[in-house]
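*Asks:* Can you look at this prediction? I've put the sequence above it.
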Amino acid sequence: MKKQSFILHFLLFFAVFLYCFIPPIFTYQKAEPIFFPDYSYLAFLLSLLWSAVCLSAVYNQKYGNSSFSSTGIRHFVVFASIKFQIKFRKCIKHYKQGILTLLLLFASGFITHFFTKTEKVLIPQKTPLEWVLFFALTCFFASAEEVLYRYYLPHTFKFFLNGIYRNTEAKSKTFLVEAGEFFAVLLFALAHRYLGIAAIIHAFISGALLRWNIKKTDTLISVCLIHSLYNCLIFAFYLL
């Protein structure tokens, strides 16, 4: 592994870690929490930017193009469009796996719900168009979380481990990779700390289930759809 490539990806990971993974952990629970989030367009644009950068970074890690040049970006866009079509077909073939994962997510949420203090849900007043935008942003942010926590984070840990512990025994390297997988799920769980301990447990179980799904189906699309559908159904349930 080239030293320049390793340093470049480490600096990118450090920036993503500071912006995307650290802030949610230190978000405190409000005295009167509002269940429905108030999405900002700035957060949407930044999430879009970081998701695109992270997808490109994983592509560069896998295929060895660490220059992030305009040529590399064009190649990535063409590659990604073809890959999306292939993965989408594969996602359809694994629909049973997706349904099972979705049902397990609801089961986990239903069980952990008994350990939460019931709060009155405050539903904001929105026009029909605003509600459409709200659910569209809900799907986007769920997909952005999948890119960051289920795809970029585990792949980057594995990339660094392969570079640092190149001559390590297979069993030891496997343990380190599994530790990286656990850390990725743990970070996702801690990002829900502001919702309480039950939400952390549910997020940890959900993160493990979604990562299990992506490893079984070998496609990011499935977990993006599952996470988006789950969040939308939860919000719709409170609305209805």
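*Replies:* Perfect, thanks for sending it.
*Asks:* Any regions of this structure where pLDDT drops low?
*Replies:* 1-2, 4, 28-36, 64-78, 117-121, 167-171 (pLDDT under 70).
*Asks:* Please name the residues that touch the most centrally placed residue in it.
*Replies:* For the chain, the residue nearest the mean C-alpha position is residue 146 (2.2 Å; Cα atoms, centre = their mean). By Cβ atoms under 8 Å, 6 or more residues apart in numbering, the contact set of residue 146 is 210, 214, 220, 223, 224, 227. For glycine as for every other residue, the C-beta is placed from the backbone atoms N, C-alpha and C.
*Asks:* Would you format the residues you listed as a markdown table with neighbour count and distance to residue 82 included?
*Replies:* Rendered in a markdown table, the data for the contacts of residue 146 read as follows (neighbours: other Cβ atoms under 10 Å; distance: Cβ to Cβ, whole Å):
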| residue | neighbour count | distance to residue 82 |
| --- | --- | --- |
| 210 | 25 | 25 |
| 214 | 21 | 19 |
| 220 | 21 | 15 |
| 223 | 27 | 20 |
| 224 | 23 | 18 |
| 227 | 27 | 24 |
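*Asks:* closest to residue 201 among the residues you listed?
*Replies:* Nearest to residue 201 among the contacts of residue 146: residue 210, at 15.0 Å, using Cβ to Cβ.
*Asks:* okay but that closest one is in contact with residue 150, surely?
*Replies:* Yes - applying Cβ atoms under 8 Å, one finds residue 210 in contact with residue 150, separated by 5.5 Å.
*Asks:* Mutual contacts of the two, please.
*Replies:* Common contact partners of residue 210 and residue 150 (Cβ under 8 Å, 6+ apart): residue 223.
*Asks:* how much space between residue 41 and residue 133?
*Replies:* For residue 41, the distance to residue 133 equals 10 Å [Cβ to Cβ, to the nearest Å].
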